[in-house]
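[1] Got a sequence here, can you build the structure:
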Amino acid sequence: MISRLIRILRGVLEKPAHLLLAGSLCVLLRARKAREMQDGIPPPSDVCTIDIRKSTNWGVATASYQVEGAWNEDGRTPSVWDVFAHKGMIKNNDTGDVATDMYHKYPQDFKLMRRLGIKHYRFSFSWNRILPEGGKGTPVNPKGIDFYNKMIDEMIKNGIRPYGTIFHWDLPQVLQENYDGLIGDEFIEDYVNYANVLFENFGDRVHDWMTFNEPWVTCVLQYGRGDFAPGIPFGESGQYKCGHNLLIAHAKTYELYHKTPQPSLDGKTYAEVQKGKIGIALNIEYLEPLTQAPEDVAAAAMGLEKNLGWYADPLFFGDYPDSLKKCTGTNLPSFTAEQSALLKGSLDFLGINFYTGKYAKGSKDGACVVDTKEYDVDGNPIGPLAESVWLRVVPWAFYKLLKYVDDRYHPKEIAITENGVSVPKEGDMTVQEAIHDKFRVDYYRGYLENLCKAISEGVQVKTYFAWSFMDNFEWREGYSQRFGINYVDFKSPALTRTTKDSGRFLAKYFFKVGQPGVPATAGCADGNVVKKHRKAHKNQQQQQQHNGQQG
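    Numbers count the residues shown, from 1 in each chain. Presented below is the predicted three-dimensional model:
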C-alpha cells in the first residue's frame, strides 16, 4: 500500500507544471459546465470549439410577410398572401395584416438583437411595398424605400449586418393577375427590374443578397399543388415552368449585379462598387436509404437530385440532373445554350435552409419512384416529432446533408440560411411555460454539433441563421406554430417579446462568442486543452532525447 502511494506521488511530481495546470483547468471547466447546467442552459457540444464558433457568423432570420404587418400602409398593395389569407385559407382565419408589427417595432427589435449579441440579420423585402404595381416601368414607392432605408440604418446603428432576401414568396397580387406570376415569362424581366431597384437604393449597405427563398416551396406548394398562395394548382407542368423561370431570373440578376455596367456608377458594375455577393436559399430534406437494398439507395440519391439538384445542378453545372430529365419527361423545359452558360456558376455562395431528414424507399419497378418514410424497418421513428407535421428532429442528417453538398457541388461558401424547430404544443402554453423551451435548446445543440463537425472536416460554412428571431406568422398554420427564439405574446396589444431559453443558449455560446465575460469554451475538449499540452510535453521529451543522443 505504501509503495503504491509512493509510485503515485512520484508520478505526480514528475509531471511538468504545464500538464498539472492543464489538468486543473479541465477540473475548473467541468465545474463551470455543471454550474451552467443548473441554470437550464447547457453548453454546446465540445465539437463546437471556440475556433469554429469565432470564425462563423451567427445570426437570425425573418421574412417580410411573416413579421412586418402594416399590410395596407404607406402605399403597400396586396401580395398573393394577403389575398389568400383574406379568403380564410389560414388556420384560425389568421392573417399577416399585423403579424409581429415589425414595421413599427423594428427599433426595439434591433435593440433586443443587440442585447442578445446578434450581429447578423437576414430579412426579406416586400416587393409590393417597393413597387406597388409590381412590374417594370411602374413607379417606385418612396415611402417603401424610406421604410427600408430607416430599417437598414437602424440595423447598422446597432452593430447588425443586413442580409437581404429579394423574394420570400410574397409576390405582388397584380403580377399574379397579369400573367399567372412565376408561370409567365414576363416574370423574369419584372423580377430583374425589382432587384435592380433594391441594388440601386440599398446596395451601398446591403452586401449579401439572396435572390429567392426556398424555390422548391414556391414552385411545388405555390404553383404546383396550390397548397400555398396563390392557391392555384398548375400541376407538374406549372411547377417546372415556375422553376425554370425562377432559375433564369436568378441568373439574370447575378449578371445584372456582376457584369452589367451602370451609368449611375460611372460605367462600373454594382459588384465593383458595392463589393457584395449574390446567393440563393435552397431548402432540402436529407434522405437516408431505408435499407441498403439497391432500390432504396437509388431512391435516396434520386430524391436528393429531384429536390435539391433541380435547382443546384443548373447553378453549378448549367443543366438539370439527367435523372430529373428522365423522370419528368416533357414537363421539364430545356435551357438554351445561352441560358445554360448564364446559369453555370451564377452564385457567390449557396444558402441552405435545413430542418429535417427522412428515410427513402425505392421500388424495383422503377428508378423514378421515391417514397419517403419517417420510421425505420423496425418501426422506430427517425426522430422526435415537432409541432410541424413535416419536421422530425434528426441532427445527424444535417452533417450528412452538408457532406453531400460539399462532395457534389464543392461550393466556395455555404450559408445556413434557416434552421430551427417548432416546439410541440407551444402555441397552447403560457408565456412562462413557453420560454423554457428545452425541446428547442436540445434541437439547436444537436444540430449545431453536427454543423460544427462538418466545418471541422472542411465544409465551407461561413454563416448560420437561426429560424427565427421571434414567433411569427407561420404561413398556412398562422400563429398556431412557433419557431422563434423570442416569444411573441399575440394576445398583448404591445405584442411583447420575451427571450426563450433557446435564445439565451444561442446568445451565450454563439452570438456573443469571443466577447468579454462570455464563456470561451464548452468543456475540457473544447480547444483541446489537455491534448495540446500533452503533445507539447511529448515533443519536449523527444527533443531532450534527441539532444542527449547528439551529446
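[2] for the helix ranked longest in the chain, which positions count as buried?
    Ranked by residue count, the top helix of the chain under DSSP state H comes out as helix 235-259. Taking 16 or more other C-beta atoms under 10 Å as the neighbour-count basis, helix 235-259 is seen to contain the buried residues 238-258. No exception for glycine: its C-beta is placed from N, CA and C like everyone else's.
[3] Quick one: mean pLDDT for stretch 125-145?
    Averaging pLDDT along stretch 125-145 yields 98.
[4] re earlier: summarise which helices and strands the longest helix of the chain is packed against.
    Using 3 or more C-beta pairs under 8 Å, 6 or more residues apart in numbering; DSSP states H and E as the contact definition, the elements that helix 235-259 packs against are helix 186-202, strand 208-213, helix 215-216, helix 270-274, strand 277-283, helix 310-317, helix 337-343.
[5] Helices along the stretch 401-550 of the chain, start to end?
    In the stretch 401-550 of the chain, the segments counted as helices under DSSP state H, counting those that start in this stretch are 431-434, 438-456, 501-506, 529-550.
[6] Same question for the stretch 1-150 of the chain.
    For the stretch 1-150 of the chain, applying DSSP H, counting those that start in this stretch gives helices covering 2-14, 17-38, 50-55, 64-67, 80-86, 102-116, 127-130, 142-157.
[7] Please report the number of neighbouring residues for the closest residue in space to G231 that isn't next to it in sequence.
    With sequence-adjacent residues excluded and distances taken as C-beta to C-beta, 6 or more residues apart in numbering, G231 is closest to F84, at 5.6 Å. For F84, the number of neighbouring residues by other C-beta atoms under 10 Å comes to 22.
[8] Need the pLDDT of F84.
    98.
[9] where along the stretch 301-450 of the chain do the strands fall?
    Secondary structure of the stretch 301-450 of the chain, counting by DSSP state E, counting those that start in this stretch: strands at 349-353, 357-363, 366-373, 414-418.
[10] Take those strands and write them to TSV, including distance to V47 and mean pLDDT.
    Output for the strands of the stretch 301-450 of the chain, formatted as TSV (distance: least, C-beta to C-beta, whole Å; pLDDT from 0 to 100):
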stretch	distance to V47	mean pLDDT
strand 349-353	19	98
strand 357-363	19	96
strand 366-373	28	90
strand 414-418	16	98
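[11] check contacts around the residue nearest to G231.
    Under the criterion of C-beta atoms under 8 Å, 6 or more residues apart in numbering, the contact partners of F84 comprise 90, 228-231.
[12] Which of those has the largest number of neighbours?
    In terms of neighbours by other C-beta under 10 Å, the contacts of F84 top out with A229 at 27 neighbours.
[13] Am I right that that one sits in a strand?
    No - assessed with DSSP: H, G, I helix; E, B strand; the rest coil, A229 is coil; it does not lie in a strand.
[14] who does the spatially closest residue to R497 that is not a sequence neighbour bridge with?
    Sequence neighbours aside, N486 is the residue nearest to R497 in space, at 4.8 Å (criterion: C-beta to C-beta, 6+ apart). Beta-bridge pairing of N486, defined through DSSP bridges, involves T499.
[15] Can you report how many residues neighbour N486?
    23.
[16] List the contacts of it.
    Remark: with contacts taken as C-beta under 8 Å, 6+ apart, N486 is in contact with 112, 469-471, 497-500, 503.
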